[in-house]
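In: Structure here, sequence nowhere to be found:
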């Protein structure tokens, strides 16, 4: 079993972190994020460190111990540096562009897909075949990246579709003559 919860979370300078019971609020240069912890853990802030402890020895409390610690770490990282997901588009005629608060995708369908960019995220398309999603909330960044990828996931024969920049597509052999 992992012992992630034992490590305290360091609060860097420039981050205003408040712990109010089970609610943790972090405020930094990239905005403000809030996390409501489970009833099974106690969160304490002392001397610039956040510690998470389980309230009992049940299986759920031990599981939520590491989860709560990781979520608090993601709050601190999110308001200081933010999170980024990079997507790549492969395929003839497949491209993306940002138009105001909308991501316009051409993925080989008979119509363009207009995906509204959620509040708190910034999307850049340096090239028509690359998408960069950046924001303070790790869950929101990952959710948008997953939804864009699901619009035309990579296929195993030619590798066409939308994939994560660090994702390896296992290619299949085509039909034989």
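Out: Received the coordinates, thanks. If you're wondering where the values come from, they're calculated on a predicted model, not measured in any experiment.
In: and the longest helix seen in the chain, how far from the chain's centre?
Out: The helix that spans the most residues within the chain, counting by DSSP state H, is helix 59-80. Here the centre of mass of C-alpha atoms in helix 59-80, compared against the chain's by C-alpha atoms, centre = their mean, to the nearest Å, lies 14 Å away.
In: Show me what the very next helix or strand once past that helix packs onto, helices and strands only.
Out: Remark: after helix 59-80, the chain's next helix or strand is strand 83-90, criterion DSSP states H and E. Counting contacts by 3 or more C-beta pairs under 8 Å, 6 or more residues apart in numbering; DSSP states H and E, strand 83-90 packs against strand 130-135, helix 138-151, strand 161-164. No exception for glycine: its C-beta is placed from N, CA and C like everyone else's.
In: per-domain residue ranges of the chain.
Out: As assigned by automatic domain parsing, the chain contains the domains 4-80, 83-164.
In: Dump these to TSV, plus mean neighbour count, mean pLDDT and distance to residue 171.
Out: Formatted as TSV, the domains of the chain follow (neighbours: other C-beta atoms under 10 Å; pLDDT from 0 to 100; distance: least, C-beta to C-beta, whole Å):
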stretch	mean neighbour count	mean pLDDT	distance to residue 171
domain 4-80	16	89	34
domain 83-164	16	94	6
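In: Quick one, which of those gets closest to residue 172.
Out: domain 83-164 (4.5 Å; C-beta to C-beta).
In: just checking, next helix/strand downstream of the helix or strand containing residue 97?
Out: Assessed by DSSP H and E, residue 97 sits inside strand 95-99. Downstream of strand 95-99, the next assigned helix or strand under DSSP H and E is strand 102-106.
In: who does that following strand touch, helix- and strand-wise?
Out: Packed next to strand 102-106, using 3+ C-beta pairs under 8 Å, 6+ apart, are strand 95-99, strand 113-116, helix 138-151.
In: closest one to residue 76 among these?
Out: Judging these by C-beta to C-beta, what sits closest to residue 76 is helix 138-151, at 11.1 Å.
In: Tell me which of the helices and strands packed on strand 83-90 approaches residue 36 most closely.
Out: helix 138-151 (13.3 Å).
In: thinking again about what came up before, between the strand holding residue 97 and strand 102-106, how many degrees?
Out: 160 degrees (axes from the mean of the first three to the mean of the last three C-alpha atoms, to 10 degrees).
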